[in-house]
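**Q** sequence and predicted structure, then a few things I'm wondering about:
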Amino acid sequence: QVQLVESGGGLVQAGGSLRLSCVASGRIFSINAMGWYRQAPGKQRELVARTTNDGSTNYADSLKGRFIISRDNAKNTVYLQMNSLKPEDTAVYYCAAVVKDRIGLVWRDYWGQGTQVTVSS
């Protein structure tokens, strides 16, 4: 089993910042991509940012310049620094990773349970 656990969500005023963390643990052989998605009430889940093993990153166009994704491979951890937050950033933020587990040696997608981010105006 592989688990992803997010932390760092909460309530913040517009213009503020938050830093989300996600730690992957369990029977991990290798991790390829790690990233963040979000889902606002009544909307579909959408990509926020993603990073791969080779260091490449991609962001939702609307979030470039405000959100920064980073990764600590030694800790199997991915971070999301969110700056200049707006009320429309309110959503549940999910961590996702493409992981090869030690048992089956098969690449699979794993998701965290999500962390709520609420931005007040």
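**A** Okay, I see it.
**Q** C-alpha only now, for contacts and for neighbours.
**A** Fine.
**Q** start and end of stretch 12-21, how far apart?
**A** Terminal residues of stretch 12-21 are spaced 16 Å apart (C-alpha to C-alpha, to the nearest Å).
**Q** please identify the helix or strand for the residue nearest in space to the middle of the chain.
**A** Nearest residue to the geometric centre of the chain (C-alpha atoms, centre = their mean): residue 36, 2.6 Å. According to DSSP states H and E, residue 36 maps onto strand 28-39.
**Q** what's that strand in contact with?
**A** 2, 45-53, 69, 76, 78, 80, 91-102, 105 (C-alpha atoms under 8 Å, 6 or more residues apart in numbering).
**Q** helix or strand right after that strand?
**A** Heading C-terminal from strand 28-39, the first helix or strand you meet, by DSSP H and E, is strand 46-51.
**Q** what's that next one packed up against?
**A** strand 28-39, strand 57-59, strand 67-72 (3 or more C-alpha pairs under 8 Å, 6 or more residues apart in numbering; DSSP states H and E).
**Q** now with 10 Å?
**A** strand 28-39, strand 57-59, strand 67-72, strand 77-82, strand 91-101 (3 or more C-alpha pairs under 10 Å, 6 or more residues apart in numbering; DSSP states H and E).
**Q** adjacent strands (with direction) for that strand?
**A** Strand 46-51 pairs in its sheet with strand 28-39 (antiparallel), strand 57-59 (antiparallel), by DSSP bridges.
**Q** and that strand, how far from the chain's centre?
**A** Relative to its parent chain, strand 46-51 has a centroid offset of 7 Å by C-alpha atoms, centre = their mean, to the nearest Å.
**Q** now stretch 75-87
**A** Distance, stretch centre to chain centre, for stretch 75-87: 7 Å (C-alpha atoms, centre = their mean).
**Q** buried residues in it, which are they?
**A** 76, 77, 78, 79, 80, 82, 83, 85, 86 (16 or more other C-alpha atoms under 10 Å).
**Q** alright, I will stop here.
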